[in-house]
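In: sequence and computational prediction follow.
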Protein chains: 2
Amino acid sequence: METAIEWTPKARAVLRAAGELFYAQGIHAVGVDTIAERAGVTKKTLYDRFGSKERLVVEYLLDRDQRWRAFLAGRLDATDDDPAARLATVFDASAAWAVENSGKGCAMINAHAEISDPNHPAYPVIVGQKRWMIELFAGLASAADVPDPRGTAGAIMLLHEGALVTAGMHAIDDAWPRARDLAVDLLRRAA
Amino acid sequence: METAIEWTPKARAVLRAAGELFYAQGIHAVGVDTIAERAGVTKKTLYDRFGSKERLVVEYLLDRDQRWRAFLAGRLDATDDDPAARLATVFDASAAWAVENSGKGCAMINAHAEISDPNHPAYPVIVGQKRWMIELFAGLASAADVPDPRGTAGAIMLLHEGALVTAGMHAIDDAWPRARDLAVDLLRRAA
DNA sequence: TTCAAGGTATACCGATCTGTATATTCAAGG
DNA sequence: CCTTGAATATACAGATCGGTATACCTTGAA
C-alpha cells in the first residue's frame, strides 16, 4: 500500500469504468483514454487519482475481491450453521456472482493470464483471493469434523475453480449445480 | 481455414517464437516486432507467411492444441485398456505437460481471457479443445460402463480444469495427483 | 540463363499507447 | 475574501502498436 487513494466521486467513476472494461475486454486491451472517456473524466483526473494504469489495475482487483467477499458474506449470513449447507451456499453464490458478471469467468484468473511478472503488485491480490477461498473451505471442513480439513479443502477448491473456468467458457452448461453437489457429497463422505 | 500457410523453415521459427512469447507473457502484451526479432526474421517475412497477427495467434493455438493431443496420444498408447488406468494417464499427462510448459496454466484458458469477441477466429480452437477433452472423458466413462457417461465426463472435466488453473497459479501444490485420484475414484464409484 | 520465391535490410505509415504540461473553472472552508 | 483542491479542456511527448513499401540478395528449377 504505497500511498492512499483520494476516493473522490470521480475516482469512483473511474474505477467503475475500468472494472467493466478490464473484465469484459482484458487489461492490456483497454487503454486509459477509453477508461477516462467512459468515466466521463479527463485523463489528467485519472492520473491525479491513481498515478498509473498499473495502480488502477491493482485497485480494480482489490475492489472486485472485496465486493465478492461481501457478496458471499451476505449469502452465508442467511444460511444456518450446517457445514454442508454453507458449502452449498458458497457454490450457489459463485454461480449467482458469475451470471451477474455476464459470465466472462473469474477476474483473478483472467488477470493472472495477462500478468507475467510475479513481482507485479497485482500478484498478491490474485493469489490472496484463492488462498482465502481455500481457507474458507478448510474452515467448513473443520466444522464438519473431517479428518484432513486442508486436503478436503483442496479437493473442493478443484471443483470450485473447475466450475469457474468451464462455466466461464460455456464448456459445461450445468457446471455450477454439478460442482456443488459433488463438493457437498465429497464433504459428507470425508466426515 | 482461409488460405493455407507456406510452412517454410522461417515460418516455423516464427511460430515457435510466437508460441513461447504468447504463452509466457500473453497475446496482447507481445508485439510482432518482438516475435520477429526472437525468430531471427524480418517483419516482412512474418507478414509474408502469416498475413496478420490475428492469424498468427490462431496458428499458435492450433499448433498447441495439436501438440497436446499428440503428447497425450503417446501416453495413452503406452497404457492398457482399463478405463480407470487410462483416466489416470490423462491426468498424469496433463501434469507432465504443465511442468514442461513451466506452469503458466492452460494456453487456451489464458487466450480466452484475452479474447473478448466470440467471433474471433481463435474461439473455435479454444472451445474445440475443451469439447474434445469432454468427449475423451465420455469415451472412457462409456468404456467403464457408467450409467451416465456424459454426466460423469462433466464431473471429471471439473476436476481436470480445476487442477489446470490451481496448478497454474500455484494455489494448490499437489493439485494434479489429488485431481487424478478423485477422478479415478469418481469413475469407479459411478460404475 | 533466366526467373520465381524466400529471404534480408531499412524505412516509413497512421494509430494508439502511457504519461505529462499548461492554463482555466468552480465550489467549499478558514 | 481568498485560498485550496478537484475538476475541466487541450495539447503534447516519446514510445510502441500492427502493417506496408522499396530495394536488394540468394538459391534452385525450368
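Out: Happy to help now that I have it.

In: how about the helices in chain A?
Out: Per DSSP state H, chain A carries helices over the ranges A:9-25, A:32-39, A:43-50, A:53-77, A:83-100, A:107-114, A:123-143, A:149-168, A:175-190.

In: so does the first one get close to DNA strand D?
Out: Yes - contact between helix A:9-25 and DNA strand D is present through A:9-11 (criterion: CB under 7 Å from any atom of the strand). Where C-beta positions appear, they are placed from N, C-alpha and C, glycine not excepted.

In: that helix and DNA strand C in contact?
Out: No - Helix A:9-25 lies out of reach of DNA strand C by CB under 7 Å from any atom of the strand, never closer than 10.0 Å.

In: correct me if wrong: A:Ala138 contacts A:Asp148.
Out: No - using CB atoms under 8 Å, A:Ala138 is not in contact with A:Asp148, being 9.8 Å away.

In: so those two - more neighbours on which side?
Out: A direct count of neighbours by other CB atoms under 10 Å in any protein chain shown for A:Ala138 and A:Asp148 places A:Ala138 higher, at 20 against 12.

In: ok, for the more buried one, nearest residue in space, not its chain neighbours?
Out: The spatially closest residue to A:Ala138, leaving aside those adjacent along the chain, is A:Ala153, at 3.8 Å (CB to CB, 6 or more residues apart in numbering or on different chains).

In: so which of the residues of helix A:9-25 next to DNA strand D is the most crowded?
Out: A:Ala11 (20 neighbours).

In: any chance of the helices of chain A in CSV, with mean pLDDT too?
Out: Output for the helices of chain A, formatted as CSV (pLDDT from 0 to 100):
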stretch, mean pLDDT
helix A:9-25, 98
helix A:32-39, 98
helix A:43-50, 98
helix A:53-77, 98
helix A:83-100, 97
helix A:107-114, 97
helix A:123-143, 98
helix A:149-168, 97
helix A:175-190, 97
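
In: closest to B:Ala163 out of these?
Out: Closest to B:Ala163 of those, according to CB to CB: helix A:149-168, at 5.9 Å.

In: ok now that closest one, how far from the chain's centre?
Out: 14 Å (CA atoms, centre = their mean, to the nearest Å).

In: which residues does the residue nearest the centre of chain A contact?
Out: Centroid-nearest residue in chain A: A:Asp65, 5.0 Å away (criterion: CA atoms, centre = their mean). When contacts are counted by CB atoms under 8 Å, 6 or more residues apart in numbering or on different chains, A:Asp65 is found next to A:108, A:125, A:128-129.

In: which parts of chain A sit against DNA strand D?
Out: Close to DNA strand D, as judged by CB under 7 Å from any atom of the strand, chain A has residues A:6, A:8-11, A:40-45, A:48-49.

In: again, only using 6 Å
Out: A:6, A:8-11, A:40-45, A:49 (CB under 6 Å from any atom of the strand).

In: show me which of those is closest to chain B.
Out: A:Lys43 (20.6 Å; CB to the nearest CB).

In: what count of nearby residues applies to that closest one?
Out: Per other CB under 10 Å, the neighbour tally for A:Lys43 reads 13.

In: test my guess that it contacts A:Thr34.
Out: No - proximity of A:Lys43 to A:Thr34 does not meet the contact threshold set by CB under 8 Å, at 10.4 Å.

In: got the contact list for the closest residue to DNA strand C within chain A?
Out: For chain A and DNA strand C, the shortest gap (CB to the nearest atom of the strand) falls at A:Gly31, measuring 2.9 Å. Residues near A:Gly31 by CB under 8 Å, 6+ apart: none.
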